[in-house]
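Colleague: Build the 3D model from these lines:
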Amino acid sequence: MTKKKRSPAQKLAREIQANTGKPYMVCLAEAQQRLATADGSAPPVQCPAPEEQQP
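Modeller: The predicted structure follows:
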């Protein structure tokens, strides 16, 4: 059996998820949007980190 290869959007989604900690489906939607608008030619843009709660 052969492994299914991940799409560029899925790879980018995992990268975004690792950087931000957002749920995978949210990152996947964001990755697909980035690839659609930038055609993958633009360098990845850092997502803002989740805001830390102030005591």
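Colleague: tell me which element the closest residue in space to residue 32 that isn't next to it in sequence falls in.
Modeller: Nearest non-adjacent residue to residue 32, counting by C-beta to C-beta, 6 or more residues apart in numbering: residue 9, 4.7 Å away. C-beta: built from backbone N, CA, C; applies to glycine. For residue 9, the element it lies in under DSSP states H and E is helix 8-20.
Colleague: List the buried residues in the helix or strand following that helix.
Modeller: Counting by DSSP H and E, the element after helix 8-20 in chain order, helix or strand, is helix 24-38. Along helix 24-38, these residues count as buried under the neighbour rule (16 or more other C-beta atoms under 10 Å): 27-28, 30-32, 34-35.
Colleague: would you list those in JSON lines and tack on pLDDT?
Modeller: Output for those, formatted as JSON lines (pLDDT from 0 to 100):
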{"residue": "27", "pLDDT": "91"}
{"residue": "28", "pLDDT": "91"}
{"residue": "30", "pLDDT": "91"}
{"residue": "31", "pLDDT": "90"}
{"residue": "32", "pLDDT": "89"}
{"residue": "34", "pLDDT": "86"}
{"residue": "35", "pLDDT": "84"}
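Colleague: For this structure, which element, helix or strand, carries the lowest mean pLDDT?
Modeller: helix 24-38 (a mean of 87; mean pLDDT, DSSP states H and E).
Colleague: Dump the C-alpha coordinates for that one into CSV.
Modeller: Extracted in CSV, the C-alpha atoms of helix 24-38 (Å, rounded to 0.1, in the frame of the first residue of the first chain):
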residue,chain,number,x,y,z
TYR,A,24,-6.0,21.9,12.9
MET,A,25,-9.2,22.7,11.0
VAL,A,26,-8.8,26.5,11.7
CYS,A,27,-5.2,26.3,10.5
LEU,A,28,-6.2,24.3,7.4
ALA,A,29,-8.7,26.9,6.4
GLU,A,30,-6.1,29.6,6.9
ALA,A,31,-3.5,27.7,4.9
GLN,A,32,-5.9,27.1,2.0
GLN,A,33,-6.7,30.8,2.0
ARG,A,34,-3.0,31.8,2.0
LEU,A,35,-2.2,29.4,-0.8
ALA,A,36,-5.2,30.7,-2.8
THR,A,37,-4.2,34.4,-2.4
ALA,A,38,-0.4,34.0,-2.6
